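Asker: I would like the atomic coordinates for the input below:
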Amino acid sequence: MYNSQLPADGSNAPKGASMGVGVFAPHHGNERIRILLKHFGLRTSLIRLKVIDALLSAAESERSLGVRGVHSHLLDLDIPLSFLSVREVLKRLCSEGVIVLNPDKSYSLHPQAAAILHHH
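Answerer: Predicted coordinates:
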């Protein structure tokens, strides 16, 4: 019998169990990011959610992340995205005004985007 709680690859681990830290973050965290993306006229995608979440986590820890840092963070969470994919998402989020490229080549939320997130 099919069990939707088990992954389709036949392993017994619950979905997301290999994702590492952040898996058990409240759903409303992703919902805030979805609202943010919608505000900027962007569709929600897993990579956009994860990239923004990585930047938020870094900011909360008073760290900054560049392209390599974001890519490494995602790999640590077992999210196998290419370096080029991460870079392209960061560039797109910058061009849409969601994030900014800082002088030290790190990325952070644009102040307007941060204000939107904090209101939700």
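
Asker: quick one: average pLDDT of the helix or strand encompassing V100?
Answerer: Per DSSP states H and E, V100 falls inside strand 99-101. Regarding strand 99-101, the rounded mean pLDDT is 97.

Asker: same thing with stretch 61-81?
Answerer: On average, stretch 61-81 scores 93.

Asker: Endpoint to endpoint, it covers what distance?
Answerer: This stretch, stretch 61-81, spans 23 Å end to end (CA to CA, to the nearest Å).

Asker: try stretch 96-115
Answerer: Stretch 96-115 has an end-to-end distance of 16 Å (CA to CA).

Asker: Pull out the buried positions in that stretch.
Answerer: Residues V98, I99, S106, Y107, S108, L109, H110, A113, A114 are the ones in stretch 96-115 that count as buried (16 or more other CB atoms under 10 Å). Placement of C-beta: from N, CA and C, glycine included.

Asker: Could you point out the longest helix of this structure?
Answerer: If you go by DSSP state H, the chain has its longest helix at helix 46-60.

Asker: list the buried ones in that helix?
Answerer: Buried residues in helix 46-60, defined by neighbour count with 16+ other CB under 10 Å: R48, L49, K50, V51, I52, D53, A54, L55, L56, A58.

Asker: who's in contact with the first one?
Answerer: For R48, the contact set (CB atoms under 8 Å, 6 or more residues apart in numbering) comprises I33, L37, L42, V89, L93.

Asker: my read: the first one touches L49, true?
Answerer: Yes - between I33 and L49 a contact is recorded at 5.4 Å, counting by CB atoms under 8 Å.

Asker: one step back: filter the contacts of R48 to the buried ones?
Answerer: I33, L37, V89, L93.

Asker: In JSON lines: these, plus distance to D76, pLDDT and secondary structure.
Answerer: Below are the buried ones among the contacts of R48 laid out as JSON lines (distance: CB to CB, whole Å; pLDDT from 0 to 100; DSSP: H, G, I helix; E, B strand; the rest coil):
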{"residue": "I33", "distance to D76": "19", "pLDDT": "94", "secondary structure": "helix"}
{"residue": "L37", "distance to D76": "23", "pLDDT": "96", "secondary structure": "helix"}
{"residue": "V89", "distance to D76": "17", "pLDDT": "97", "secondary structure": "helix"}
{"residue": "L93", "distance to D76": "20", "pLDDT": "98", "secondary structure": "helix"}
